[in-house]
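A.B. asks: I would like the atomic coordinates for the input below:
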Amino acid sequence: MKPAAHRVGWALLASSVLLLGSGCAPTVGSDDWTLEPITWESSSFGDIDVAFAMSIVTPDGEGGFWSGSAGSWLHVGADGDTLAQFTIDADHPLRGVDHTAALSPTTLLVTRGTEGPYAASDLSIVEMDTREFTDVPVKPLAQAGSDPLGTESDDFMFGDVAVRDDHAYVVRYQPKSPPGYLDADILRIDLDTGERELMSSEALTLEDSTQTAPEVPPVDIDLDGDGRIYLATPSYRIVLDADGAELSRTARTATRPVVAAGPNGQVLWWGGAEAPSHTTVVTVGGSGEARELIEQRTTCAELLRADALRITSDSTDDPLPFLCSPNAAAWTGDSWIVAIGGEGDGVLVRLTPPTNFG
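C.D. replies: Just a heads-up that it's a prediction; the model follows:
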């Protein structure tokens, strides 16, 4: 489910060459969150920190991350170096990738499909060095009778993915039976054998898809270090234990729900209305244009998607007054990477928690 801005190649965009602002660097206190525009090396424009919006952010497992949008892909290392940046041809299967999770720094698990609403999608492993694809084997559900619509031949559409211990955790959209709208099933799939089991199922309604129609309602998934499963749907924030049992459910309304699990049970969620916050934030580095674009997202009021940011743990649920309505986000090991913006005003932002965080 990609906005139009995500279908544009690097060469078609007027990117901003990085010009660091003058003046003294701001002071960051122990209670301050830090926002930093990420600079990368482009083949056409040199060092930049503003381009078009990325729709994918995936940690590479070694402190860096991959980010992508249609035909353009970027790999940034833990030290901030640009490890890879390339554009692929229009007929290459990477063009159809919608969601990713890293199996290694250069190997991604992806769901891919054809353009258009309700497009069928496949689950594949891609070696990003060679850009070669291998389909994940698919077998019937391990739990007899748990799949009322049959086996793998009935898979309607795959959505977001996460990985843990050689297993994929996949959002599978499935028409409801008896007739209704859609279920978002959470499948755990053994990447070696293709054996799968149904962890959970969430009913989706037509009302969940008002702005994204005719495409399916977005559901975002992430896992933490303990194996807990976090689901962000248009209507709920849901936490499951490692076996799929529901631990919590919080109602909210989100146009493009996003969840990114961090350390110590701290999780970022996007969706719901803005709320007063006493949290302090400092923006460091980057070009003046990038900092201005970040500043514009301290309020959701004039954005296309008014999805505000919150951070939760077992004991807290607090609003944060920055980075409204992102495209994607992920924890990389010491900070979150958040993709914001649209065509010509996209920024990758490193979001670092306070030193006393957690």
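A.B. asks: mind listing what the closest residue to Glu127 other than its chain neighbours touches?
C.D. replies: Distances taken as C-beta to C-beta, 6 or more residues apart in numbering put Thr107 closest to Glu127, at 5.7 Å, once the chain neighbours are dropped. Backbone N, C-alpha and C define where each C-beta goes, glycine included. The contact partners of Thr107, by C-beta atoms under 8 Å, 6 or more residues apart in numbering, come to 125-128.
A.B. asks: and if you look at Ser124?
C.D. replies: Taking C-beta under 8 Å, 6+ apart as the criterion, Ser124 is in contact with 93, 109-112, 133-136.
A.B. asks: what do you get for Glu295?
C.D. replies: Here Glu295 is in contact with Thr283 (C-beta under 8 Å, 6+ apart).
A.B. asks: and what of Val126?
C.D. replies: Taking C-beta under 8 Å, 6+ apart, one finds 93-94, 97, 107-108, 110, 132-134 in contact with Val126.
A.B. asks: host element of Gly342?
C.D. replies: Assigned by DSSP states H and E, Gly342 belongs to neither a helix nor a strand.
A.B. asks: so it makes contact with Phe52?
C.D. replies: Yes - using C-beta atoms under 8 Å, Gly342 is in contact with Phe52, at 7.2 Å.
A.B. asks: picking up where we left off before, now the two most distant members of the contacts of Thr107.
C.D. replies: Farthest pair in the contacts of Thr107 (C-beta to C-beta) is Ile125 and Met128. Separation: 10.4 Å.
A.B. asks: quick check: neighbours shared by those two?
C.D. replies: The contact sets of Ile125 and Met128 overlap at 107-108 (C-beta under 8 Å, 6+ apart).
A.B. asks: the two: which has the busier surroundings?
C.D. replies: Looking at Ile125 and Met128 with other C-beta atoms under 10 Å, you find the greater number of neighbours at Met128, namely 23 against 16.
A.B. asks: residues in contact with the closest residue to that one other than its chain neighbours?
C.D. replies: Leaving aside its chain neighbours, Met128 sits nearest to Thr106 (4.9 Å; criterion: C-beta to C-beta, 6+ apart). Thr106 makes contact with 60, 75, 127-129, according to C-beta under 8 Å, 6+ apart.
A.B. asks: contact partners for Thr283?
C.D. replies: Each residue near Thr283 by C-beta under 8 Å, 6+ apart is listed here: 26, 34-37, 291, 294-295.
A.B. asks: where is pLDDT lowest across these?
C.D. replies: Among the contacts of Thr283, Pro26 has the lowest pLDDT, at 85.
A.B. asks: could you find the closest non-adjacent residue to it?
C.D. replies: The shortest distance from Pro26 to any residue other than its chain neighbours is 5.1 Å, reached at Val282 (C-beta to C-beta, 6+ apart).
A.B. asks: do I have it right that Ala101 meets Phe158?
C.D. replies: No - under the criterion of C-beta under 8 Å, Ala101 makes no contact with Phe158, lying 12.0 Å away.
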